[in-house]
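Engineer: sequence? don't have it. structure:
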């Protein structure tokens, strides 16, 4: 298949990728032809979306239902002081277009539910999860498994973060293989309750953007099958193995979840994204 | 066996805010028992009422999930690292 030539503007904009081994012109073309959906325009979603926009992802979608609050600005670098009170999606799209006006950016200003997730996911190659609650994390995992989309996972708490890649397909682990059930409500405080170190999502989100780009270019090794753990307070990185669970209700040998369920009931808490 | 236990943030309050503590035991059950003796309450979110491991907190010996080893009866070697990892959802 012949590769479409770059425009002169693209050659200049992506010059450092095009001359880079393991990306090159072929890798940059794949990025320009790719579509990625970022769930959440918050702490994780900010660096994820900003780096993916800068990298020239052809179609970049952002989902968030929330408005920018001044308490977000300590870590959510996609938004500025002037954006306080605006819908996050509106603020995100404006700043992403300012970073790279040559790509298509799409906003989904809504909560994610079982009833709309397939419509929102439609047309995207890779899903990157930067949400902040368990119901949406299980919803996104199940929807990715049911639609055969790779999922780049990241989550944070206070000074600690986790990241990995869940691939669809046979005998590869999913989020439910890693954590079969959510913690009972009230046992794990949210960022609003427990606080969060502002730079932490910058590290984990950047790792998620890295993995999304590698999934698209096909170069290198991703975190598939490995959970990366980061402790900012002690500057400690660790990896543990994630195994496929043959008894997993979604991706196991005899799946019992073959369509989306009620995730609020499953987690015992209200869903938000 | 003397092992090192890496504690997640939510359990450090039980252990004088330490991120890693030493513990002793031939099996994971022994090590968690040793921790509970010295830091009362620390294992209540790790071990369920039925005596098994909770499914929203993972425990690893070195880099392997103990669900694929021997669960609470996983045998430990001198110098092993036990990591306790809760599900977190922040973003």
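Structural biologist: The structure has been received and is ready for your questions. Model, not experiment: these values are computed from the prediction.
Engineer: which SS class is the closest residue in space to residue A:47 that isn't next to it in sequence?
Structural biologist: Closest residue in space to residue A:47, ignoring its immediate chain neighbours: residue A:205 at 3.6 Å, by Cβ to Cβ, 6 or more residues apart in numbering or on different chains. Any C-beta I mention is one placed from the backbone N, CA and C, and that applies to glycine too. Under DSSP: H, G, I helix; E, B strand; the rest coil, the three-state class of residue A:205 is helix.
Engineer: The one 5 residues further on too?
Structural biologist: For residue A:210, the reduced secondary structure class is helix; criterion used: three-state DSSP.
Engineer: can you map out the strands along the chain?
Structural biologist: Just so you know, I chose chain A. A:35-39, A:59-63, A:104-108, A:126-129, A:151-157, A:160-166, A:226-231, A:236-241 (DSSP state E).
Engineer: looking at chain B here, not the other one
Structural biologist: Under DSSP E, chain B gives strands at B:2-6, B:20-24, B:57-61, B:64-65, B:81-86.
Engineer: Same list (the ones you listed) but as CSV, adding mean neighbour count.
Structural biologist: Conversion of the strands of chain B to CSV gives the following (neighbours: other Cβ atoms under 10 Å in any protein chain shown):
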stretch, mean neighbour count
strand B:2-6, 18
strand B:20-24, 17
strand B:57-61, 23
strand B:64-65, 18
strand B:81-86, 20
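Engineer: what's the closest of these to residue A:162?
Structural biologist: Counting by Cβ to Cβ, residue A:162 lies closest to strand B:81-86 out of these; the figure is 7.8 Å.
Engineer: hmm, back to that, and the strands of chain B: which comes nearest residue A:136?
Structural biologist: strand B:81-86 (17.9 Å).
Engineer: Could you list the paired strands of that closest one along with their orientation?
Structural biologist: Here strand B:81-86 has these sheet partners by DSSP bridges: strand B:2-6 (parallel), strand B:57-61 (antiparallel).
Engineer: ok, the residue nearest to residue A:47 - contacts?
Structural biologist: When the contact criterion is Cβ atoms under 8 Å, 6 or more residues apart in numbering or on different chains, the partners of residue A:205 are A:43, A:44, A:45, A:46, A:47, A:48, A:51, A:130, A:154.
Engineer: Spell out which parts of the stretch 51-200 of chain A neighbour chain B.
Structural biologist: Within the stretch 51-200 of chain A, the positions near chain B by Cβ under 8 Å from any Cβ of the partner chain are A:129-134, A:137, A:154-160, A:162, A:178-184, A:187-188, A:190-191, A:196.
Engineer: count of residues packed around the closest residue to residue A:152 other than its chain neighbours?
Structural biologist: Distances taken as Cβ to Cβ, 6+ apart put residue A:128 closest to residue A:152, at 4.4 Å, once the chain neighbours are dropped. Counted with other Cβ atoms under 10 Å in any protein chain shown, the neighbours of residue A:128 add up to 30.
Engineer: my read: residue A:128 touches residue A:36, true?
Structural biologist: Yes: with contacts counted by Cβ atoms under 8 Å, residue A:128 reaches residue A:36, the gap being 6.2 Å.
Engineer: on that earlier part again, so among the residues of the stretch 51-200 of chain A next to chain B, which ones count as buried?
Structural biologist: The neighbour count (16 or more other Cβ atoms under 10 Å in any protein chain shown) marks A:129-134, A:137, A:154-160, A:162, A:178-180, A:182-183, A:188, A:190-191, A:196 as buried among those.
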